[in-house]
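Engineer: pasting a predicted model and its sequence here:
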Amino acid sequence: MNASPIPASEPLLRAEEVTRVYGSGPTRVEALRGVSLAVWRGEVVALQGRSGSGKTTLLNLLGGLDRPTSGRIFLGGQELSRLSEAELTRIRRRHIGFVFQAFALHPLLSAEENVELPLRFSGVPARERRERARRWLAYVGLDARRRHRPFELSGGEQQRVAIARALAAEPDLILADEPTGQLDSATGARILQLLRQVAREQQITVVMTSHDPAIPEFADRVYTLADGRLVEPAAQSRTAGNPPGVDSPPPPR
Ligand SMILES: Nc1ncnc2c1ncn2[C@@H]1O[C@H](COP(=O)(O)OP(=O)(O)O)[C@@H](O)[C@H]1O
Ligand SMILES: [Mg+2]
């Protein structure tokens with residue numbers, strides 16, 4: 001993807017007949033078996049399915065953390081599988097924010113320092129790093145917790161720090177793997193609500209995996225994986241899970 005804006009006539013993210021095989025011989029696993037999907041800018045897409053169905057594998061491929069065995073992944077029209085590791089790293093830092101089940105915060109750093117850290121790697125000047133960290137921590141409701149370290153924060157607060165960290169990079173896309181997996185259901189619902197708010201207010205696309213049954217409420221579209229394949233195309237309507245009157249679905253593009 002270039003620095004130039006992605007044309008609205010194109011999906012932000014596209015997978016074409018993607019497969020991913022792990023191992024060989026007796027340990028061979030076909031984790032994905034021909035998955036095709038498109039994600040549009042500003043959408044919240046949920047990938048659901050049982051444990052082992054291929055959700056994390058697909059999310060990692062969509063984020064350029066891993067490469068498909070066959071098939072193609074496009075981000076903003078650019079084919080990720082053709083890029084070198086260095087180019088992929090650059091694209092990830094610039095365009096993608098990652099949120100993980102286990103938060104992945106640095107235990108010795110404050111909330112603010114955790115949010116700043118990836119910006120340091122991207123070469124953002126110190127003053128701007130601090131400004132962005134404060135702004136996005138305030139956005140996720142943690143203004144008063146800036147100086148706290150992860151162990152001084154609740155699980156939900158830690159996940160908010162991780163979301164602020166993803167936002168501070170000002171990405172086009174947030175990929176969240178089981179973002180509520182370590183949270184109780186009420187806290188998890190607030191995190192899903194926040195991710196939805198991020199998509200609406202910041203025009204950031206969110207793709208998240210979950211086996212949380214509440215997930216369709218927070219997504220514009222739900223894709224279900226079973227045994228490495230997408231199922232239930234009927235459930236993939238744009239309005240799936242949209243509470244009436246709460247949010248209109250994204251406009252047709
Ligand atoms: N690094 C790996 N090496 C070998 N097999 C893997 C690896 N990662 C995942 N798998 C296998 O691929 C399948 C899909 O896994 P995964 O994408 O993690 O599913 P999910 O996130 O839906 O639980 C599972 O059978 C899993 O055991
Ligand atoms: Mg997983």
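Structural biologist: Received it, and whenever you're ready, just let me know what you need. Ligands and ions are numbered 1, 2, ... in the order given.

Engineer: count of neighbours near residue 147?
Structural biologist: 10 (other CB atoms under 10 Å). Every residue, glycine included, has its C-beta placed from N, CA and C.

Engineer: hang on, it packs against residue 112?
Structural biologist: Yes - Residue 147 lies in contact with residue 112 (CB atoms under 8 Å); the separation is 6.8 Å.

Engineer: most centrally placed residue in this protein?
Structural biologist: Among the residues of the chain, the one closest to the centroid is residue 175, at 1.0 Å (CA atoms, centre = their mean).

Engineer: for that one, give its distance to residue 203.
Structural biologist: Counting by CB to CB, to the nearest Å, the gap from residue 175 to residue 203 is 16 Å.

Engineer: ligand 2 contacts on the stretch 1-150 of the chain?
Structural biologist: Within the stretch 1-150 of the chain, the residues that sit near ligand 2 (CB under 5 Å from the ion) are 55, 56.

Engineer: let's see 8 Å
Structural biologist: Residues of the stretch 1-150 of the chain lying near ligand 2 by CB under 8 Å from the ion: 51, 55, 56, 57, 59, 101.

Engineer: stretch 66-78 near ligand 1 anywhere?
Structural biologist: No - Stretch 66-78 does not reach ligand 1 (CB under 6 Å from any ligand atom); its nearest approach is 8.6 Å.

Engineer: surely residue 102 is within a strand?
Structural biologist: No - per DSSP: H, G, I helix; E, B strand; the rest coil, residue 102 lies outside any strand segment and is coil.

Engineer: now the spatially closest residue to it that is not a sequence neighbour, what's its secondary structure?
Structural biologist: Among residues not flanking residue 102 along the chain, residue 182 sits closest, at 6.4 Å (CB to CB, 6 or more residues apart in numbering). Assigned state for residue 182: coil (three-state reduction, three-state DSSP).

Engineer: residues near residue 182, how many?
Structural biologist: The burial count assigned to residue 182 is 16, neighbours taken as other CB under 10 Å.

Engineer: for PyMOL, write the select line for the buried members of the residues of the stretch 1-150 of the chain next to ligand 2.
Structural biologist: In PyMOL, this line selects whichever of those come out buried by 16 or more other CB atoms under 10 Å:
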select buried, resi 55+56+57+59+101
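
Engineer: for ligand 2, state which of the residues of the stretch 1-150 of the chain next to ligand 2 is nearest.
Structural biologist: Using CB to the ion, residue 56 is the member of those that lies nearest ligand 2, at 3.2 Å.

Engineer: so that closest one, which of the three states?
Structural biologist: Following three-state DSSP, residue 56 is assigned to helix.

Engineer: OK, contacts around it?
Structural biologist: With contact set as CB atoms under 8 Å, 6 or more residues apart in numbering, residue 56 has these partners: 177, 178, 209.
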